[in-house]
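# have a look; sequence and predicted model below, questions after that.
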Amino acid sequence: MTEFKDLAYLIDMDGTIYRGSVPIPHAREFIRYLQQNRRKFLLVTNCPGNSTNALVEKVRNMGIHIGCNDIISSGDATAEFLCTSPYKRIYLIGSDALKDKLVKKGINVVTEDADCVVVGYDLSFNYKKMKEAAQFILNGAGFVCTNYDLTIPDGDRVVPHTGSIAASIEAATGVKPVYMGKPEYYLLEAVIKRLNCSRDKCCTVGDRLDTDIYFGIRQNIKSFLVLTGVTTREMLRHSKIQPTRAFENLLDILSYYSLFSIYIRCCIPAPCFSFCLETKTNLLNHYCLPIDFE
Ligand SMILES: [Mg+2]
């Protein structure tokens, strides 16, 4: 079993740290523990639309004090990808925040003669942008999309997201985009570069089976599900997508590892082993869902 201190946590935001504008209980304590004990972590969001400063400010208002380097988005992964790609002239469909992110990396954002179309979350997306993007792609330009998400919850509604914008251009051109965000490799690559850690230490933590946990399965890294967002116990029970472990909330991850270390310390005398094993199982079942595929 990999030690808690050795893992690098890739922590989802909406449904894991907060729900909309409401902080999720224990998220602040979890992040504070990671910071105080110098554990590696990043808050990871698939949404490329917000500026990093705005996200830092948002979580600071919830009592979670982090810096810009503690957050990474599919927009950051896109910028990293473009920097090492052969593309020189980018036609961008996306927010001003995403444009700023690309420009700060020295990426040339243009409206004519583009050799790559980049699609992000764009609240002013329209037919003109779709037509121009389709023309560039049909003339041979590359096609990159920040994230696959087709929809996003908005209060009690579900509204179109970045993937739906890219899907309209894909329908018009017959060309599939290269996706950057979860569950694709490019985001993981950007995380590994930022944290300077190895892939086998990465652990995705989040509330969605189809993105956060599938990201872990697809990229062959550990995955912890928390039941503070969209996934219920019932959904988990019936899903083919299963996490490495499932927890009620972020605090239970700390409980699990602290109990496990107590168990290790207690289990040195061989005669005590079966007792300790039973004790461990009881303790862990009290705190964690009985799911473990390690
Ligand atoms: Mg989430």
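Okay, I see it. The shown structure was predicted, so the numbers you read here are calculated from the model rather than taken from an experiment.

# for the protein, which residues are neighbours of the ion?
12, 14-15, 207 (C-beta under 5 Å from the ion). Yep, even glycine has a C-beta here, placed from its N, CA and C like the rest.

# strands of the chain, residue ranges please.
Assigned by DSSP state E, the chain shows strands spanning 8-12, 18-19, 22-23, 40-45, 71-73, 90-93, 116-119, 142-145, 151-154, 157-160, 178-179, 202-206, 222-226, 245-247.

# so for the third one, mean pLDDT?
This means strand 22-23. Averaging pLDDT along strand 22-23 gives 90.

# so what touches it?
17, 62-64 (C-beta atoms under 8 Å, 6 or more residues apart in numbering).

# that one: partners in the sheet, and parallel or antiparallel?
strand 18-19 (antiparallel) (DSSP bridges).

# and the fifth one, by the same measure?
Within its sheet, strand 71-73 is paired with strand 40-45 (parallel), according to DSSP bridges.

# tell me how far the strand it pairs with lies from the chain's centre.
7 Å (C-alpha atoms, centre = their mean, to the nearest Å).

# go on, stretch 78-86?
19 Å.

# same check on stretch 29-45?
On C-alpha atoms, centre = their mean, the centre of stretch 29-45 falls 14 Å from that of its chain.

# that one: end-to-end distance?
Stretch 29-45 has its terminal residues 20 Å apart, counting by C-alpha to C-alpha, to the nearest Å.

# could you report the pLDDT at the closest residue to the ion within the stretch 101-250 of the chain?
As assessed by C-beta to the ion, the ion sits closest to D207 within the stretch 101-250 of the chain, at 4.5 Å. pLDDT recorded at D207 is 94.

# skipping adjacent residues, who's closest to it in space?
G229 (2.6 Å; C-beta to C-beta, 6 or more residues apart in numbering).

# what distance do you get for the one you found to F215?
According to C-beta to C-beta, to the nearest Å, G229 stands 14 Å off from F215.

# who's more crowded, those two?
The neighbour count for G229 versus F215, taken as other C-beta atoms under 10 Å, is higher for F215 (26 against 21).

# who are the neighbours in contact with the more buried one?
182-183, 187-188, 204, 206, 221, 223.

# I'd say G163 and L150 touch.
Yes: with contact defined as C-beta atoms under 8 Å, G163 and L150 form a contacting pair (4.1 Å).

# P177: what's it in contact with?
119, 143-145, 166, 169-170.

# counting neighbours, what do you get for the closest residue to A27 other than its chain neighbours?
What sits nearest to A27 in space, not counting adjacent residues and going by C-beta to C-beta, 6+ apart, is I17, at 4.6 Å. The tally of other residues near I17 (other C-beta under 10 Å) stands at 29.

# on that earlier part again, out of the strands of the chain, which gets the lowest mean score?
Mean pLDDT, when computed for each of the strands of the chain, is lowest for strand 151-154, at a mean of 81.

# quick one: strands adjacent to that one?
strand 157-160 (antiparallel).

# which parts of the strand it pairs with are buried?
P160 (16 or more other C-beta atoms under 10 Å).

# just the C-alphas of that strand, formatted as PDB.
Provided in PDB are the C-alpha atoms of strand 157-160 (Å, rounded to 0.1, in the frame of the first residue of the first chain):
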ATOM      1  CA  ARG A 157     -30.600  22.800 -14.500                       C
ATOM      2  CA  VAL A 158     -28.200  21.100 -16.800                       C
ATOM      3  CA  VAL A 159     -26.700  23.400 -19.500                       C
ATOM      4  CA  PRO A 160     -24.300  22.800 -22.500                       C
END
